[in-house]
Each structure stands twice: as C-alpha cells, then as structure tokens.
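Colleague: Build the 3D model from these lines:
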Amino acid sequence: MTQESVERMVLGDVELVRVVEWRGAFASAADLVPTAPRRTWQDNRGWLAPDHWEPEGDRAVMALQTWVLRSAGRTVLVDTGVGNGRERPGVPQFHHWQGDFLGRLELAGVRPEDVDVVVNTHLHADHVGWNTRAADGSDGSDGSDGSDGAPGGAHGPSRAGTGVATGADAGTEWVPTFPRAEYLVPAADDAHFGPDNGYGGGRAPHDRLVYEDSVAPLHRAGRTVLWDGSHRIDEHLTLESAPGHTPGSAVLRLASKGEHAVFVGDLLHSPVQILDPAHNSCFCLDAGGAAASRRRILERAADRRELVVPAHFGGSGTAEVRRDGNGFRLAGQEHRPRD
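Modeller: Just a heads-up that it's a prediction; the model follows:
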C-alpha cells in the first residue's frame with residue numbers, strides 16, 4: 001500500500017478523502033468511448049497522457065475509488081468499489097477480485113463502524129461491491145489475506161494478477177460492511193436491477209449476482225433508504241437524479257461556504273466526454289438519456305464553477321470544467337478540435 005491510495009482536500013466545511021482501490025490502464029479507448037474519434041485522443045495527447053490515456057497501448061487510464069466525505073459531523077462514503085471474493089464471470093476484471101480496501105479506508109482514518117451514510121450513485125458492480133462483506137471472513141475482509149489488490153500487468157484488475165482464489169461463492173452469507181450506516185440507493189436502479197425486473201431484464205447475467213450479494217443483503221438488514229428525484233443528506237450534500245447511464249444514476253452535489261463540487265458517478269468515464277458530452281461510454285444503458293444528463297450536469301458545473309468529481313478519473317480524480325463553444329474544456333488544459 002502506498003500513500004497515493006489516500007488523498008485529501010477541503011471544500012468549505014467538508015473534508016474530502018479519496019481512497020483509491022486500484023488505478024491503471026483498463027480498457028481500449030475505442031471500446032470504452034466508442035463514438036469518440038481516434039483523432040480526439042491523439043490531438044489531446046499532451047494532457048490526456050499519462051493520467052487518462054496510455055497512448056502506446058491505446059488504453060484508457062482509470063481508477064476504482066471511493067470518496068470519503070466528513071460533513072456535518074458525519075462520515076459519508078460515495079460508492080464502494082468492487083468488493084472482495086465476488087462471482088463476476090461476466091466481468092473478468094472483477095471476478096474473484098481480492099484487495100485491501102478496508103485497510104485503505106483505515107489509512108484514511110475510517111473504520112467500518114465509523115460510517116454513517118453510504119451513497120451508491122448507481123448499482124453497477126464496481127460501485128456497490130463493498131456494500132457488503134462475507135460474514136465468515138471468507139472474502140478476506142477480516143484481514144486474513146494480505147493481498148493489496150494489485151492487478152497483473154497494465155490491463156486492469158484481474159483474478160490472475162492477485163494469485164488469490166477466495167472461498168466466497170453463491171453460498172456465502174453477505175452482511176453490510178458498514179453496520180451503522182444507512183445506504184442511499186436510487187429507487188429506479190433498485191427496481192431495474194432487482195428481481196421484479198428480472199435483474200436488469202437479463203441483459204447482463206452478472207447483474208443478478210451483483211444485486212444478490214451487494215444490494216439484497218442491505219434490504220434484509222433494513223439498512224437501505226430508497227429515494228427518487230432528490231434527497232438531502234445534510235446542509236452541504238444533496239443527491240439528484242441524472243438518469244441515462246442507468247435508470248437511477250445520480251449525482252451528489254456539495255455546497256459549503258461558497259465552494260461547490262458535484263460527484264457525477266459514471267456520467268463521465270474519460271475527459272474526452274467533457275470535450276463532447278454526446279459521447280457515451282460502452283456501459284451506458286440509455287444513450288440519449290445519458291448524453292442529456294451529461295450535458296446538463298456539465299453546463300451547471302461550468303456556469304457555477306463546481307468541481308467535477310467522476311467515479312473513475314485518473315490523475316487528481318477531479319476536473320474544473322469551462323464552456324468551449326458547443327462543448328467544454330478542462331480549465332488550464334490546452335486542447336484541440338473534437339472532430
């Protein structure tokens with residue numbers, strides 16, 4: 001574990017701590033943002049590399065991370081990463097992942113029992129994994145495994161890279177990782193990915209596994225709060241719906257003493273989507289809705305000088321956005337035409 005796994009900043013009366021589960025080259029740029037022209041990556045190489053793009057392999061650089069917010073006397077987590085010991089056969093990068101997320105949280109001064117609120121911006125596998133842990137510790141969450149979760153090579157997290165096979169399987173009893181916390185779950189995502197809709201309509205078979213090991217146990221424990229439209233957490237933090245990536249995708253707005261930020265989840269996977277918000281990631285379920293939400297959120301961020309905090313950006317993990325014609329740019333970054 002290195003110090004880069006924990007980074008801190010303060011906005012008004014809110015402390016932000018970035019806890020990085022993993023970062024590196026993850027997916028082909030063309031696969032991740034299929035409609036973004038290759039020229040966009042090449043023309044902006046000067047600032048996209050190395051934090052957001054690996055030109056040699058043409059791979060997008062990303063991070064798996066959680067933001068810890070200390071606000072109004074409470075500890076709030078924004079998304080919970082991949083989780084340990086999960087059956088994810090449809091997502092080989094996350095299948096039987098084994099890492100030291102709880103150790104990294106502890107480095108940030110957070111124990112599971114310290115957490116008051118968990119925000120899931122949406123219910124994809126890499127945002128809900130540490131919602132739960134194996135009751136018997138078979139996922140390594142009890143500290144029985146010393147792996148730091150480092151992936152093998154530059155192709156993203158992988159089971160092969162850890163050399164660890166866990167005992168967690170379909171028979172594992174999953175319990176809330178953060179026993180005192182209320183888990184704020186978008187109602188539209190809970191409906192879409194839950195059993196009443198056939199776990200996402202059966203589009204991705206692993207959606208059932210994700211829901212059953214990372215969401216359903218919260219319901220059984222009575223820890224979930226389902227919300228729709230907007231939800232005020234405290235005087236500084238407010239959740240708002242921003243559908244498209246998933247039906248219930250949300251953003252979390254922070255406003256304190258004249259300073260502002262917006263945690264946008266997976267509305268953005270890469271800065272090339274800031275240059276032209278019409279470009280969706282390959283994971284967006286509703287292309288039109290995702291693009292509309294992305295543009296709306298970026299317009300407000302540019303006009304109100306909100307710090308944009310995407311779920312997976314490399315580098316600092318944040319972006320200052322400015323208007324640029326019909327698109328946007330990152331403050332302080334020289335860029336070139338988008339098409």
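Colleague: Pretty sure residue 18 sits against residue 64.
Modeller: No: here residue 18 does not reach residue 64: they are 11.4 Å apart, not a contact under Cβ atoms under 8 Å. Backbone N, C-alpha and C define where each C-beta goes, glycine included.
Colleague: Listing partners with orientation, what would you give for the strand or helix carrying residue 15?
Modeller: Residue 15 belongs to strand 14-28 when elements are defined using DSSP states H and E. Strand pairing for strand 14-28, determined by DSSP bridges: strand 6-11 (antiparallel), strand 59-71 (antiparallel).
Colleague: rewinding a little: same drill for residue 18 and residue 64, tell me which one is more crowded.
Modeller: residue 64 (28 against 21; other Cβ atoms under 10 Å).
Colleague: For that one, give the beta-bridge partners.
Modeller: Here residue 64, judged by DSSP bridges, has bridge partners residue 22.
Colleague: State the distance from it to residue 184.
Modeller: Distance, residue 64 to residue 184, using Cβ to Cβ, to the nearest Å: 20 Å.
Colleague: and if you look at residue 109?
Modeller: According to Cβ to Cβ, residue 109 and residue 184 sit 22 Å apart.
Colleague: Which one's more surrounded, the two?
Modeller: Neighbours were counted for residue 109 and for residue 184 using other Cβ under 10 Å; residue 184 has more, 21 against 14.
Colleague: List the residues that contact the more buried one.
Modeller: 117-120, 225, 227, 231, 233, 239 (Cβ atoms under 8 Å, 6 or more residues apart in numbering).
Colleague: Try it again at 6 Å.
Modeller: 119, 225 (Cβ atoms under 6 Å, 6 or more residues apart in numbering).
Colleague: Phi and psi next, for it.
Modeller: Main-chain dihedrals, residue 184, degrees, to the nearest 10: phi -90, psi 110.
Colleague: And stretch 263-283, how far out from the chain middle?
Modeller: 13 Å (Cα atoms, centre = their mean, to the nearest Å).
Colleague: Buried residues, that stretch. List them.
Modeller: Residues 263-281 are the ones in stretch 263-283 that count as buried (16 or more other Cβ atoms under 10 Å).
Colleague: Also stretch 228-244?
Modeller: Buried residues in stretch 228-244 (16+ other Cβ under 10 Å): 231, 233-234, 236-237, 239, 241-244.
Colleague: With distance to residue 88 added, can I get the residues you listed in CSV?
Modeller: Shown next, in CSV, are those (distance: Cβ to Cβ, whole Å):
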residue, distance to residue 88
231, 29
233, 30
234, 34
236, 34
237, 30
239, 27
241, 27
242, 25
243, 24
244, 24
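Colleague: In strands, which of those residues appear?
Modeller: By the criterion of DSSP state E, membership of these in strands covers 231, 237, 239, 241.
Colleague: How much space separates the second one from residue 295?
Modeller: Separation of residue 237 from residue 295 (Cβ to Cβ): 23 Å.
Colleague: Could you do the third one as well?
Modeller: Separation of residue 239 from residue 295 (Cβ to Cβ): 20 Å.
Colleague: pLDDT averaged over stretch 132-141 - what is it?
Modeller: Regarding stretch 132-141, the rounded mean pLDDT is 85.
Colleague: Next, the contact list for the nearest residue in space to residue 8 that is not next to it in sequence, please.
Modeller: Of all residues not flanking residue 8 in the chain, residue 17 sits nearest, at 5.1 Å (Cβ to Cβ, 6 or more residues apart in numbering). Residue 17 makes contact with 8, 68, 108 under the criterion Cβ under 6 Å, 6+ apart.
Colleague: How about residue 17: which residues does it bridge to?
Modeller: Partner residues in beta bridges with residue 17, using DSSP bridges, are residue 8, residue 68.
Colleague: Residue 98 versus that one, what's the distance?
Modeller: For residue 17, the distance to residue 98 - Cβ to Cβ - is 23 Å.
Colleague: Low-confidence ranges, the stretch 201-339 of the chain, go.
Modeller: 333-339 (pLDDT under 70).
Colleague: just the helices in the stretch 51-200 of the chain please.
Modeller: For the stretch 51-200 of the chain, applying DSSP state H, counting those that start in this stretch gives helices covering 101-107, 125-128, 159-162, 187-193, 198-201.
Colleague: worst average pLDDT in the strands paired with strand 14-28?
Modeller: strand 6-11 (a mean of 90).
Colleague: Which positions within that one qualify as buried?
Modeller: 6-7, 11.
Colleague: re the thing from before, report the two of the ones in strands among the buried residues of stretch 228-244 separated the most.
Modeller: 237 and 241 (15.1 Å; Cβ to Cβ).
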